[in-house]
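Undergrad: sequence below, structure please.
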Amino acid sequence: MGPVKLGGLYAITPDAADTDWLFRQVEAVLRGGARTLQYRNKSRDADLRLIQGRGLLALCRRYGAVFIVNDDVELTQVLGADGVHLGGDDASIASARAILGPRLVGASCYDSLARALHAQREGADYVAFGSFFPSLTKPYAVRAPIELLQAARTQLDLPIVAIGGITLSNAATLIDAGADAVAVVSALFEAPEAGAAARAFSRRFDAQQIQPRFASHV
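TA: Just a heads-up that it's a prediction; the model follows:
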């Protein structure tokens, strides 16, 4: 895959045992304009994760989206995904890089600019902050202030992803504050029409004439 731009709508899958439903929803979201898809499934069923991962990668290839795997460096390598997203308790950036080479490595930085600066020094390709708003996916997640995005914008040379409780009504606030991408779960996959929701989120970026600041090679 050639150069890709990390920005815009960053969709994260919900845990779903119904693979056919998941594929239909993801295809609608990609058709609606999502530029990045993160596969997040905490199931212990390795066969399910492999089947779903392969299908989602194929959909991302069809629609020209970046495909990221949550937490699992080994699955990222097996699938040939574009990258991995690491939380605070996951593998280190260095160990992921040793296995994945030039593929994307993203890092959750929660409410900490210091953590993000460290991730940048360690070679992360992008960082994610949040939760900015109450989240159904992670109801007890640490809350990050909007001002963190403004500070990060001035100190980081990486794409910045905002996550946590993001809806159509609050996404513009995060974009204005400095987010290059907004990561969304519930407001996409629990919407009456996932594709329509994706188009509406994408228009939030178009309306403010936001262009991706960075290009990465994967």
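Undergrad: residues touching Gly106, list them.
TA: Taking CB atoms under 8 Å, 6 or more residues apart in numbering, we find Gly106 in contact with Ile68, Gly83, Val84, His85, Leu86, Ala124, Asp125, Tyr126, Val127, Ala128, Val161. For the C-beta atoms, the positions are set from N, CA and C on the backbone; glycine is no exception.
Undergrad: tell me what the strand or helix carrying the last one is packed against?
TA: Here Val161 is covered by strand 160-163, with elements defined by DSSP states H and E. Helices and strands touching strand 160-163, as assessed by 3 or more CB pairs under 8 Å, 6 or more residues apart in numbering; DSSP states H and E, comprise strand 126-129, helix 147-155, strand 181-184.
Undergrad: got a list of contacts for the one helix or strand Asp206 maps to?
TA: Using DSSP H and E, Asp206 falls within helix 194-207. With CB under 8 Å, 6+ apart as the contact definition, helix 194-207 has outside contacts at 7-9, 11, 25, 28-34, 168, 171-172, 175, 182, 184, 187-188, 191.
Undergrad: got a ChimeraX select line for the buried ones in these?
TA: Restricted to buried positions by 16 or more other CB atoms under 10 Å, the ChimeraX selection for the contacts of helix 194-207 reads:
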select :7,8,9,11,25,28,29,30,32,33,34,171,175,182,184,187,188,191
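Undergrad: the contacts of helix 194-207 in helices, which ones?
TA: Using DSSP state H, Gln25, Ala28, Val29, Leu30, Arg31, Ala171, Ala172, Ile175, Ala187, Leu188 are the members of the contacts of helix 194-207 that sit in helices.
Undergrad: between those, which sits nearest Phe132?
TA: Nearest to Phe132 among these: Ala171, at 10.0 Å, using CB to CB.
Undergrad: and the closest residue to Ala187 other than its chain neighbours, how many neighbours?
TA: With CB to CB, 6 or more residues apart in numbering as the criterion, Ala187 has its nearest non-adjacent residue at 4.8 Å, and that residue is Thr167. Applying other CB atoms under 10 Å, we find 14 other residues in the vicinity of Thr167.
Undergrad: same question for Glu193.
TA: Count around Glu193 with other CB under 10 Å applied: 12.
Undergrad: so who does it touch?
TA: Ala28.
Undergrad: tell me which stretches of this structure form strands.
TA: Using DSSP state E, the strands of the chain run over residues 3-5, 8-12, 36-39, 66-70, 83-86, 104-110, 126-129, 160-163, 181-184, 215-217.
Undergrad: mind giving me CSV with the ones you listed and columns for mean pLDDT?
TA: Listed next are those as CSV, based on pLDDT from 0 to 100:
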stretch, mean pLDDT
strand 3-5, 52
strand 8-12, 97
strand 36-39, 98
strand 66-70, 98
strand 83-86, 98
strand 104-110, 97
strand 126-129, 98
strand 160-163, 98
strand 181-184, 98
strand 215-217, 47
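Undergrad: what average pLDDT does the longest helix along the chain get?
TA: In the chain, assigned by DSSP H, the helix with the most residues is helix 46-63. Mean pLDDT, helix 46-63: 98.
Undergrad: okay, angle between that helix and strand 66-70 too, please.
TA: Orientation of helix 46-63 against strand 66-70 (axes from the mean of the first three to the mean of the last three CA atoms, to 10 degrees) gives an angle of 160 degrees.
Undergrad: helix 46-63: which residues count as buried?
TA: For helix 46-63, a neighbour-count test (16+ other CB under 10 Å) marks Arg49, Gln52, Gly53, Gly55, Leu56, Leu57, Leu59, Cys60, Tyr63 as buried.
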